[in-house]
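Peer 1: Provided below for reference: sequence and predicted model.
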Amino acid sequence: MIEELRRRRLPRRFYDRDTRQVARELLGMRLVHVVDGVPRVARIVEAEAYLGPHDRAAHSARGLTARTRPMFGPPGHAYVYLVYGLHHCFNVVTEREGHAAAVLVRAVEPLANLAGNTRGPGLVCRALGIDRRQSGHDLLSDDLFIARPARRERFAVATRPRVGVDYAGAWARRLLRFYVRGNRWVSRP
DNA sequence: TGCACGATGAAC
DNA sequence: TTCATCGTGCAC
């Protein structure tokens, strides 16, 4: 199964595009983390786009720091950070190097070797075994990557404001959160 | 060196 | 609605 998933791994050019487009198309994709030789597999059902330094809700809006460095790097890499001192959030870096945009994976549907709740970004990381040691990790690697499903899946996409960014003024009201309509694993339908 | 504050989750 | 909990970023 793991070789099949690796064959369907998304190429660099998938990530090197408009961040909203990437966020929307990430829905339905398989997020895979191999832990102790066991592939944990989940279907992405909710994601948020963070457009770049001009986006007041994005971490890159406060400039390049040791923490946010991966956001400023090439697309197709992980950006993982700690929020509220206890939860990790997994992001996918998008667009050309230097653009500093990313997509936050907010919820996934468990498919294989996952235990527990996955409705929310902190819970996604807990279930998949992701923490900030994975920040900067290449998503074209063999142990942490995103793959296409074996067959096309049809679903409707809902668009909403992002969660937890009220401090960002008008940017908080932008419709940059996408999820699979009707999916029971979405964190906030 | 100190301090205010989260791209959250769980309990009440 | 409240609170846990600590790395980060920026003010002294």
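Peer 2: Looks like it arrived, so ask away.
Peer 1: For the residue in chain A positioned nearest to DNA strand C, which three-state class applies?
Peer 2: For chain A and DNA strand C, the shortest gap (CB to the nearest atom of the strand) falls at A:G85, measuring 2.8 Å. (Each C-beta comes from the backbone N, C-alpha and C, glycine too.) When classified by DSSP: H, G, I helix; E, B strand; the rest coil, A:G85 comes out as coil.
Peer 1: Same check on A:L111?
Peer 2: Assignment for A:L111 (three-state DSSP): strand.
Peer 1: if I look at it, how far off is A:L5?
Peer 2: 10 Å (CB to CB, to the nearest Å).
Peer 1: what sits in contact with each of these two?
Peer 2: A:R30, A:V41 (CB atoms under 8 Å, 6 or more residues apart in numbering).
Peer 1: between the two, who's got more neighbours?
Peer 2: For the pair A:L111 and A:L5, the greater number of neighbours falls to A:L5 (20 against 15), based on other CB atoms under 10 Å.
Peer 1: For stretch A:81-95, list every residue counted as buried.
Peer 2: A:Y81, A:H87, A:H88, A:C89, A:F90, A:N91, A:V92, A:V93, A:T94, A:E95 (16 or more other CB atoms under 10 Å).
Peer 1: Bridged to the most centrally placed residue in chain A, which residues?
Peer 2: By CA atoms, centre = their mean, chain A has its centre lying nearest to A:V105, at 3.1 Å. A:V105 has these beta-bridge partners by DSSP bridges: A:A47.
Peer 1: Wait, it touches A:A49, no?
Peer 2: No. Using CB atoms under 8 Å, A:V105 is not in contact with A:A49, being 11.4 Å away.
Peer 1: returning to that earlier point: would you convert the buried residues of stretch A:81-95 into TSV that also reports pLDDT and distance to DNA strand B?
Peer 2: TSV is the format used below for the buried residues of stretch A:81-95 (pLDDT from 0 to 100; distance: CB to the nearest atom of the strand, whole Å):
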residue	pLDDT	distance to DNA strand B
A:Y81	98	8
A:H87	98	5
A:H88	98	9
A:C89	98	5
A:F90	99	9
A:N91	98	5
A:V92	98	9
A:V93	98	10
A:T94	98	11
A:E95	98	13
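Peer 1: Widest-spaced pair of those residues?
Peer 2: Spanning the widest gap among the buried residues of stretch A:81-95 are A:H87 and A:E95, at 25.7 Å by CB to CB.
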